[in-house]
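Chemist: here is a sequence together with a model predicted from it:
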2 protein chains.
Amino acid sequence: MADINLDRGLGEAEAVALVELLFFAYRDFVADPDHVLEGLGFGRAHHRVLHFVGRDPGMTVASLLDILKITKQSLARVLKELIDKRYVFQNEGEQDRRQRLLHLTPSGEALRQKLIAPQIARFKRAAEEIKTEKKHDLQSLLFHLIDPENQVIAEKWIQSSNSNE
Amino acid sequence: MADINLDRGLGEAEAVALVELLFFAYRDFVADPDHVLEGLGFGRAHHRVLHFVGRDPGMTVASLLDILKITKQSLARVLKELIDKRYVFQNEGEQDRRQRLLHLTPSGEALRQKLIAPQIARFKRAAEEIKTEKKHDLQSLLFHLIDPENQVIAEKWIQSSNSNE
DNA sequence: AAATTTATGTCAGCCATATTGACATATTTT
DNA sequence: AAAATATGTCAATATGGCTGACATAAATTT
């Protein structure tokens, strides 16, 4: 398990740095699956549906809406496309036949794995990096979640954040 | 400084949990400034411009595009609105008079601070939480970045992630 | 049995944020 | 003088959200 030592609390400058690092890290983090989705004519919304349905097969449309926190109408188009292209299928609820329980087809599950794989790899890579560097702070972890080619840019911002503010 | 212990590396299930936690955490993390921006008729794009210009006053349009990784045309509208509403102003570069160097007005800087404040507070709060809970792992930190009312939902997913996969 | 609520789907239209391609202007560099 | 650079702008398009309104089927309540 990844242990964090925050006994000294978080300083203002450090918090600012974390805010910025999270921006850079998250952007690259979602870029991985985005590239895969592009070729399929899908977007992030499709990814999220695939992910959560895959992690809880048989979930209802309502609970999916609850987790995604989007409206029914926003989900409708995305879900329709995933069903049309046979990544997701629905079946009637046994107890409640109004429900359309959501499941992934085998190709849906395969796509889900393909999408999350680079994100898992990114976390593992970052963990390895800070391990070898022996810089076991939260900033370093977020920093190594960033694409190497973007780390240079990010570094400049973070440095000034730690000193200036 | 926030230290992390990852000597045992990251397991598959743990990495999956982190991926999901990051999704939930980031969503709530950006929701804070979003609420402030709403009332001003601004969006996230405006926030990012305010933030980076505020952190590097006098930056060029080109370097802003570089950091945001959006196109000139995408930036154009956002920047125009911020300039029209007097949150940002430009001045001619001294060495290179083609450049329109970017700066925040006092109200721009005030807005920037107002937008980042809840994000800083969120990190500090999360740090305090894991400190008092004495659960110094990365998962816990991300978990506490999530809005308390959403932590319940997130918890279910993460638990099954740690056991099932 | 009838009325209401719930789970889902769908239509039409709107908005914010991004995209690409083309082109204009001023300024600097070659 | 020509080319490259920094910026701005126009038009058209795509995506992913949104709201409001309405429809259907099934479950629940009265």
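Modeler: Structure's in. What do you need?
Chemist: what's the closest non-adjacent residue to residue A:18?
Modeler: residue B:123 (5.1 Å; CB to CB, 6 or more residues apart in numbering or on different chains). All C-beta atoms are positioned from the backbone trio N, CA, C, and that covers glycine.
Chemist: do I have it right that that neighbour meets residue A:13?
Modeler: No: assessed by CB atoms under 8 Å, residue B:123 is found out of contact with residue A:13, at 11.6 Å.
Chemist: more neighbours: the two, which one.
Modeler: Neighbour tally, residue B:123 and residue A:13, criterion other CB atoms under 10 Å in any protein chain shown: the higher count belongs to residue B:123, 24 against 16.
Chemist: hang on, the earlier thing: tell me, what's the model's pLDDT at the residue nearest to residue A:18?
Modeler: The model reports residue B:123 with a pLDDT of 94.
Chemist: what does the one 10 residues further on give?
Modeler: What the model reports for residue B:133 is a pLDDT of 86.
Chemist: and the nearest residue to it once chain neighbours are set aside, how many neighbours does it have?
Modeler: Spatial nearest neighbour of residue B:133, excluding adjacent residues (CB to CB, 6+ apart): residue B:140 at 6.8 Å. By other CB under 10 Å, 20 other residues sit near residue B:140.
Chemist: any idea of the angle the helix or strand containing residue B:140 forms with helix A:138-145?
Modeler: Following DSSP states H and E, one finds residue B:140 within helix B:138-145. Angular relation of helix B:138-145 and helix A:138-145 on a 0 to 180 degree scale: 100 degrees, by axes from the mean of the first three to the mean of the last three CA atoms, to 10 degrees.
Chemist: would you pull up how far helix B:138-145 lies from the middle of the chain?
Modeler: Taking the mean of its C-alpha atoms, helix B:138-145 sits 16 Å from the chain's own mean (CA atoms, centre = their mean, to the nearest Å).
Chemist: for the next helix or strand after that helix, list every residue counted as buried.
Modeler: Following helix B:138-145 in sequence order, the next helix or strand is helix B:148-164 (DSSP H and E). Neighbour-count burial for helix B:148-164, counted by 16 or more other CB atoms under 10 Å in any protein chain shown, picks out B:150, B:153, B:154, B:157, B:158, B:160, B:161.
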